[in-house]
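**Student:** Please work out how this folds:
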Amino acid sequence: MSPAFDITATPYHRFSFERRGRVLTAYIDSPHPVNGVDALMHAELARIFTDLQRDNLSDIIILSGKGRAFCAGGDFDWFDEQIENPAQFRDIAWEAKRIVLSLLDMEKPILCRLNGAAAGLGATIALLCDMIIAVDTAKIGDPHVKVGLVAGDGGALIWPQLIGYAKAKELLMTGDLLTAEEAQSLGLINYAVPAEALDAKVQELIDKLQSNPRFAVRWTKTVTNIPLRALAAQMMDASIGWETVSNTQKDRKEAVAAFKEKRPPKFTGE
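**Tutor:** Reported below is the predicted structural model:
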C-alpha cells in the first residue's frame, strides 16, 4: 500500500480544499479577482493533479473556483513580465506540459464545477476534466490570439477533439467566447444549469459514479484517455514551442498594451 498522503496538509498558495467523505473539492483560490494565472499558480498547476491522484482519502475530485470566476487565464502583469523577459516564458514550458499531461494521466474521475468564466488556460483545464457542469451565466473560450499568443498550452489539443476541427479552429483563431448554453449545445461541456442547481447537478453525477465499482470507473476513464494522452505527447512540445515564439512578436506586446489601456490595438503584422 502507498504511504499515506493528504493533499490538504500540503502547502498550496493558489488552491484550497474541502472534503466530504471520499469526495475532494479543489478550489482555484487566488487573490486575483478572476483567478488569473500568475507564476505561482502556474507552478502549482504543474503538480496539483499528481497530488490529487496521490491523495489517499479521496476517490472523486471536483475542480472549481472561488469567487465569481473559475479561471480567466493569464494575469496581465505576468504577461508584461514575460514580454520584457522572454526567458520567463521559455522557463515555464515544462510546467505547461506537466499541467496537461498530469491532468490526462489522473485515474480518479475529476468533475469540473464551472462556477464562472473560464478562458485561456482556465478553459483548457476545465475541458480536460472528465465532466464539465457549468453555471448557465458562465462564459468559456480560448482567447490566446487576442493577447498575441498561440493557443499552445492545451487549447489546440482539446477543443477539436470535443467539437470538431471546423468549429474549434473558428473559435481558437477568433478568440470568441461562448455562453455556457452555447458550449453545451456544441458538446463542449456536459451541462449548463442555473446557479441554484449547480451543486445538485454535480452531486447527481457523483452519486452515479459512486454507485459503480471504483476501479471499473477509474480504468474506464484511463483507457478512454489513451488517444488523448497519445495526441498530447505528439503535440505539446511543438505547440508550446510556437506559443513561446509568439511571445516574442511585436504584435504580442501591442495586444497586451492595448488591452490594459482599453483601446483598439494597432497591429503591424510583426
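
**Student:** Could you list every helix and strand that the longest helix belonging to the chain packs against?
**Tutor:** The longest helix of the chain (DSSP state H) is helix 226-246. Here helix 226-246 touches helix 86-91, helix 93-105, helix 155-163, going by 3 or more CB pairs under 8 Å, 6 or more residues apart in numbering; DSSP states H and E. For every residue, glycine as well, the C-beta is placed using N, CA and C.

**Student:** just the helices in the stretch 1-150 of the chain please.
**Tutor:** Counting by DSSP state H, counting those that start in this stretch, the stretch 1-150 of the chain has helices at residues 39-54, 76-84, 86-91, 93-105, 121-127.

**Student:** how about the shortest one: buried residues?
**Tutor:** Taking 16 or more other CB atoms under 10 Å as the basis for neighbour counts, the residues of helix 86-91 that come out buried are residue 89.

**Student:** Residue ranges in the stretch 1-150 of the chain under the pLDDT threshold?
**Tutor:** Applying pLDDT under 70 to the stretch 1-150 of the chain flags the ranges 1-2.

**Student:** would TSV of the helices of the stretch 1-150 of the chain with distance to residue 115 be doable?
**Tutor:** Output for these, formatted as TSV (distance: least, CB to CB, whole Å):
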stretch	distance to residue 115
helix 39-54	17
helix 76-84	22
helix 86-91	29
helix 93-105	18
helix 121-127	10
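
**Student:** Of the ones you listed, which stretch is the most buried?
**Tutor:** Among these, ranked by average contacts under mean count of other CB atoms under 10 Å, first place goes to helix 121-127 (a mean of 27).

**Student:** CA atoms only for it - export them in PDB, please.
**Tutor:** This file holds the C-alpha atoms of helix 121-127, laid out as PDB (Å, rounded to 0.1, in the frame of the first residue of the first chain):
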ATOM      1  CA  LEU A 121      -5.500  28.100 -19.700                       C
ATOM      2  CA  GLY A 122      -8.500  28.100 -17.400                       C
ATOM      3  CA  ALA A 123     -10.700  26.800 -20.200                       C
ATOM      4  CA  THR A 124      -8.200  24.200 -21.200                       C
ATOM      5  CA  ILE A 125      -8.100  22.900 -17.600                       C
ATOM      6  CA  ALA A 126     -11.900  22.800 -17.400                       C
ATOM      7  CA  LEU A 127     -12.200  20.900 -20.700                       C
END
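
**Student:** ok so, going back, relative to residue 20, which of the helices of the stretch 1-150 of the chain is closest?
**Tutor:** helix 39-54 (15.1 Å; CB to CB).

**Student:** And that closest one, what does it pack against?
**Tutor:** strand 23-28, helix 93-105.

**Student:** Name the residues that touch stretch 157-174?
**Tutor:** Stretch 157-174 is contacted by residues 100, 124, 127-128, 141-142, 144-145, 151, 155-156, 176, 178, 186-188, 228, 231-232, 235-236, 239 when judged by CB atoms under 8 Å, 6 or more residues apart in numbering.
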